[in-house]
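**Q** just a sequence and a predicted model for now, questions to come.
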Number of protein chains: 2
Amino acid sequence: MDGDRSAEEKAITIYDIAREAEVSAATVSRVLTGSANVSQEKKRRILQIIDKYNFRPNAMARGLSDTRSKIIGIIAADVRNPYYAQVFVACELAARKLGYTVLLCNSLGEARQEKKQLEMLHEQRVDAVIQLGGSVDDLVSNVEYVELVNSLLGATPMVVTGKLDGTQCYQVQIDAMKTMDLLMEYLIGLGHRDIALIGGRLDVLSTFEKVQRYKQLLQRHQIDFRRELVRETGFYDAAGARSVMNEMLDQGIVPTAVIAINDFSAAGIVRSIVEHSCRIPEDITIVSYDNTYITDHMIPSLTSIDYNYERFGTKLVETAVAVAEGREVPKLQRVTPTLVIRESSGPARPGGR
Amino acid sequence: MDGDRSAEEKAITIYDIAREAEVSAATVSRVLTGSANVSQEKKRRILQIIDKYNFRPNAMARGLSDTRSKIIGIIAADVRNPYYAQVFVACELAARKLGYTVLLCNSLGEARQEKKQLEMLHEQRVDAVIQLGGSVDDLVSNVEYVELVNSLLGATPMVVTGKLDGTQCYQVQIDAMKTMDLLMEYLIGLGHRDIALIGGRLDVLSTFEKVQRYKQLLQRHQIDFRRELVRETGFYDAAGARSVMNEMLDQGIVPTAVIAINDFSAAGIVRSIVEHSCRIPEDITIVSYDNTYITDHMIPSLTSIDYNYERFGTKLVETAVAVAEGREVPKLQRVTPTLVIRESSGPARPGGR
DNA sequence: GTGAAAGCGCTAACAC
DNA sequence: GTGTTAGCGCTTTCAC
């Protein structure tokens, strides 16, 4: 019957269904939305025809009339980073439960892309946007982006995992201070005093907060802060962390423990340590952030900070949906991290400092 | 001025712009789309007002009138798997270049979700759907899904990374045979004859093809096929591969090389080997599929098959766009894999079999 | 319970 | 060049 040119077929509409069922389009719409009662008989007829053609209402037409797209836009820095992938999938699952769909964009760290994507999501009339990382991680918010967000905020509520100074964005943050507390208490409890902190950039909010907290905690435990033990790499990847760790060890600086800013960095650090013929955790303990599956795949497996991705995603989406639907939500919410202990950490080696 | 209830503001439309610029809506539309000439003066006025309000045309309304959404839907099995994450990002980048946006859904291996998502994408009137993995990987296609796809294919063209028997889907496949050729030639060239193949499920098309090819190649090189060296795990994760490898080694079966069905599996296999006090690659060589970043993060780093993700994504998207825009494209295209050699592979140990 | 008709925001003929 | 006018495919009053 229908050849290969089937792409040329006129799309079937609610009117086609109505005509064949010998009812009005309004009635078809009623059974589609369940917004009003329809007689059993007609309902049955309509449903059957819908099924016969595998008819699906055009979401654009629907969106035009009721102005709710039931779509949540998500701007992530890069889903190839398993941290974002996990948050994203958690969001998708949570959204699904609430009857929403998610639309994902990757900014790949480019501020310009971020702007374009936010505008695109707005054009798409998503009901809300969730931004995971990117410029909302900046210690000092980009003015241009703030302006754009402010101009769209009336139409499109936003929830971010960091902050955006000068905007009314909702925030769902991981408690960065708390993550450092967990790590440091654990390490210090194991007798570590020479604790390095490696990776990341200080103009990233969460990294900045971690370093601050790290210093506070050293002080609280009366451990001298050694500037040479804290190293930015500028990135959150393995290569950067590896070369910085190499540098450190080559300088004869050998901490008993190192905190990696994320699992990727940890991978690089582990390699550096192993190549310097040190054992993990006997000589050097290593712990990290994010608890992505990498932690399990490495040898030794990695002690890491977990955020409970499911809860994190749920909170992000619930907040977005609540705001989109006009309900009250606190402007700032926090997610509580936990520590997952694996093979890469142990008591400080006797020789210590 | 505008308090926190700004969400209640009426959205600004093309008519608002037109009124303020003292022109007709059509003229505004013209400058928006660039579809016709408008006098410099009016154009300037309009642009300025658009900018003033940060106005963005409603994509739904636009989509309703011209029936092109400029969106490509992507159904992936699970972006938390870096293989899919890499393909997806490659698709997103390629789509961006062609002026398209991508909408991602994760089926998470649930056939029911896949159906729902395909229907949703169709409701959204995406211009095409790209399906990465999931049921299109099945050796024998699911009848129900085939039916659904066939009913939608008229409206929504599909391109898949596997196949869907009984449909007119476009296919962009990785040449599975070729991947095995690369691996086996390399290993046999290094003197390996006891080559294990571990992980995955035989009812997955690409895995099935790999096993078939594996057998063919053994025969061609006059190496006896040893059934005990080929083990399905049912999954593509580390845990499954690890326990199967443990089993094998505990039975005293010690290949000189093992091919892991993907990088995750390789991670599990490496752990098993290390825990059995064997060295890699001196005692056992290990190679795998996908060349995700894991390969670089492991110690030793992993020799793996790469697909050139950028080219793969580009081909997927170009095919989808071409079909959506009514251009001719071959029904079946192939992507050529390459072998990336790292630390985990080397010559067969003398003791061999 | 059901149909007629208006309208959502835009684009695309069609006149002028 | 520019305005007028139909739709695009739905939902939703408003009568009946």
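**A** Received the coordinates, thanks.

**Q** for the rest of this, base every contact and every neighbour count on C-alpha atoms.
**A** Will do.

**Q** count the neighbours of A:Arg193 for me.
**A** Neighbourhood size, A:Arg193 [other C-alpha atoms under 10 Å in any protein chain shown]: 22.

**Q** could you do the one 4 residues further on as well?
**A** The tally of other residues near A:Leu197 (other C-alpha under 10 Å) stands at 22.

**Q** check A:Ser345 too.
**A** Based on other C-alpha under 10 Å, the number of other residues close to A:Ser345 is 25.

**Q** same question for stretch A:335-349, mean pLDDT?
**A** On average, the pLDDT along stretch A:335-349 is 97.

**Q** put the alpha carbons of it into CSV.
**A** This file holds the C-alpha atoms of stretch A:335-349, laid out as CSV (Å, rounded to 0.1, in the frame of the first residue of the first chain):
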residue,chain,number,x,y,z
VAL,A,335,22.0,18.1,49.6
THR,A,336,24.0,16.2,52.2
PRO,A,337,27.0,14.3,51.1
THR,A,338,28.3,11.0,52.5
LEU,A,339,31.6,9.3,52.5
VAL,A,340,32.1,5.9,50.8
ILE,A,341,35.2,4.1,52.1
ARG,A,342,37.0,1.8,49.7
GLU,A,343,40.5,0.4,49.3
SER,A,344,42.5,3.6,48.6
SER,A,345,42.5,4.9,52.1
GLY,A,346,44.0,3.8,55.4
PRO,A,347,46.0,4.9,58.4
ALA,A,348,48.9,7.3,57.9
ARG,A,349,52.2,5.6,57.4
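
**Q** for it, the distance to its chain's centre please.
**A** 22 Å (C-alpha atoms, centre = their mean, to the nearest Å).

**Q** report the buried residues of that stretch.
**A** Within stretch A:335-349, the residues scored as buried using 16 or more other C-alpha atoms under 10 Å in any protein chain shown are A:Val335, A:Thr336, A:Pro337, A:Thr338, A:Leu339, A:Glu343, A:Ser344, A:Ser345, A:Gly346, A:Pro347, A:Ala348, A:Arg349.

**Q** same deal with stretch A:219-234?
**A** Neighbour-count burial for stretch A:219-234, counted by 16+ other C-alpha under 10 Å, picks out A:Phe225, A:Leu229, A:Val230, A:Arg231, A:Glu232, A:Thr233.

**Q** avg pLDDT for it?
**A** Taken as a whole, stretch A:219-234 has a mean pLDDT of 97.

**Q** repeat that for stretch A:29-39.
**A** Taken as a whole, stretch A:29-39 has an average pLDDT of 91.

**Q** is it anywhere near chain B?
**A** No - contact of stretch A:29-39 with chain B is not found when judged by C-alpha under 8 Å from any C-alpha of the partner chain; the minimum separation is 12.8 Å.

**Q** endpoints of that stretch, how far apart?
**A** End-to-end distance for stretch A:29-39, by C-alpha to C-alpha, to the nearest Å: 13 Å.

**Q** for it, list every residue counted as buried.
**A** Across stretch A:29-39, burial judged by 16+ other C-alpha under 10 Å covers A:Ser29, A:Val31, A:Leu32.

**Q** hmm, who's touching the host helix or strand of A:Val89?
**A** Taking DSSP states H and E as the criterion, A:Val89 maps to helix A:82-97. By C-alpha atoms under 8 Å, 6 or more residues apart in numbering or on different chains, the residues outside helix A:82-97 that reach it are A:72, A:74, A:76-79, A:101-102, A:132, A:290, A:292-293, A:309-314, A:316-318, B:79-80, B:82, B:85, B:105-106.

**Q** just the CA trace of that helix, in PDB.
**A** Only the C-alpha atoms of helix A:82-97 are listed here, as PDB (Å, rounded to 0.1, in the frame of the first residue of the first chain):
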ATOM      1  CA  PRO A  82      30.100  10.800  34.700                       C
ATOM      2  CA  TYR A  83      29.200  13.200  37.500                       C
ATOM      3  CA  TYR A  84      26.900  15.100  35.100                       C
ATOM      4  CA  ALA A  85      25.700  11.900  33.500                       C
ATOM      5  CA  GLN A  86      24.600  10.600  36.900                       C
ATOM      6  CA  VAL A  87      22.900  13.800  37.900                       C
ATOM      7  CA  PHE A  88      21.200  14.100  34.500                       C
ATOM      8  CA  VAL A  89      19.900  10.600  34.500                       C
ATOM      9  CA  ALA A  90      18.600  11.100  38.100                       C
ATOM     10  CA  CYS A  91      16.800  14.200  36.900                       C
ATOM     11  CA  GLU A  92      15.300  12.400  33.900                       C
ATOM     12  CA  LEU A  93      14.000   9.700  36.200                       C
ATOM     13  CA  ALA A  94      12.600  12.200  38.600                       C
ATOM     14  CA  ALA A  95      11.000  14.200  35.800                       C
ATOM     15  CA  ARG A  96       9.400  11.100  34.300                       C
ATOM     16  CA  LYS A  97       7.700  10.400  37.600                       C
END
